[in-house]
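J.: Structure of the sequence below:
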Amino acid sequence: MEYIRVTKDNLETEHICCAISKNDDVQVASKKSWLRERFDEGLVFLKSVERGKCFIEYIPAENAWNPIDAEGYMYIDCLWVSGAFKGKGYSNDLLNECIEDSKRQGKKGLCILAAAKKKPFLAEPKYLKYKGFEVCDEADNGIQLWYLPFKKDAEKPQLKECAKHPHIDKKGYVLYYTNQCPFNAKYVPVVEKTAVENGIDFEAIHIDNKEEAQKAPTPITTYAVFFDGEYITNEQMNEKRFLKLIGK
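T.: I've put the predicted structure just below:
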């Protein structure tokens with residue numbers, strides 16, 4: 001497999017694997033805008049030259065859009081290999097390149113979010129364990145921070161206190177989201193419209209900067225839904241799924 005690194009210079013001409021469409025598609029435009037502003041912060045987007053979901057996205061943990069304390073680590077936003085690309089060693093290729101790049105930059109290791117049981121849009125815990133990752137912290141909602149240290153005495157990353165006990169002082173349904181995930185540009189407005197049409201108490205909070213993301217009340221900032229103050233899911237929803245969630 002041949003891979004290519006997406007940069008400011010080729011961003012407009014390269015497809016992004018998580019939303020394969022033309023640049024005028026709202027999802028693609030949203031994701032590319034977010035990426036463009038992150039490249040100067042050290043973000044790397046490495047993908048297959050073939051069209052499909054086969055890529056890794058990572059960034060120095062100090063610049064991650066997540067409430068973690070992981071100074072000196074590299075944080076993996078997403079490692080996604082699916083469809084016809086699965087089972088061919090491409091995940092290993094991408095992860096190994098991230099490891100080597102991080103070592104060249106003098107990083108202490110890698111960290112990534114997952115859960116004891118696989119959850120949508122999070123890393124596969126069995127794969128992480130197979131590759132030598134370990135759990136270093138866990139929030140009350142079961143979201144775990146995993147790490148792969150390059151040295152045995154490396155300090156463990158941690159979740160910030162605001163994210164360890166996911167809870168907010170708001171009633172009704174509240175969604176926190178960022179433009180890191182392209183699907184939000186399409187589906188958040190769908191959920192907002194569905195809530196209005198069905199008289200559902202719903203608020204969408206768009207996190208649009210790193211500082212706010214690092215103070216979020218949950219480890220996951222790309223998409224996190226609360227109900228009456230309690231965290232319930234990170235799974236993105238269309239109209240049908242949202243109505244099922246609320247029992248309509």
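J.: Against which helices or strands is the longest strand anywhere in the chain packed?
T.: For the chain, the strand reaching the highest residue count under DSSP state E is reported as strand 73-81. If you count contacts as 3 or more C-beta pairs under 8 Å, 6 or more residues apart in numbering; DSSP states H and E, strand 73-81 packs onto strand 54-60, helix 90-104, strand 109-115. All C-beta atoms are positioned from the backbone trio N, CA, C, and that covers glycine.
J.: what angle do it and strand 54-60 make?
T.: 170 degrees (axes from the mean of the first three to the mean of the last three C-alpha atoms, to 10 degrees).
J.: now the closest residue to residue 102 other than its chain neighbours: how far from residue 115?
T.: Nearest residue to residue 102 in three dimensions, chain neighbours excluded: residue 74, at 4.2 Å (C-beta to C-beta, 6 or more residues apart in numbering). Residue 74 is 20 Å from residue 115, where distance means C-beta to C-beta, to the nearest Å.
J.: related to what we said a few turns ago, partners of the longest strand of the chain, with directions?
T.: strand 54-60 (antiparallel), strand 109-115 (parallel) (DSSP bridges).
J.: send the alpha carbons of the last one over as PDB?
T.: The one in question is strand 109-115. Extracted C-alpha coordinates of strand 109-115, given in PDB (Å, rounded to 0.1, in the frame of the first residue of the first chain):
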ATOM      1  CA  GLY A 109       4.900   7.800  23.600                       C
ATOM      2  CA  LEU A 110       1.400   7.700  22.200                       C
ATOM      3  CA  CYS A 111      -2.100   8.000  23.700                       C
ATOM      4  CA  ILE A 112      -5.600   7.500  22.400                       C
ATOM      5  CA  LEU A 113      -9.200   7.200  23.600                       C
ATOM      6  CA  ALA A 114     -11.000   3.800  23.600                       C
ATOM      7  CA  ALA A 115     -13.300   1.800  26.000                       C
END
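J.: List the contacts of it.
T.: Under the criterion C-beta atoms under 8 Å, 6 or more residues apart in numbering, residues 58, 61, 66, 68, 70, 73-76, 79, 98-99, 102, 122-125, 128, 133, 136, 142-151, 154, 157, 219-220 lie in contact with strand 109-115.
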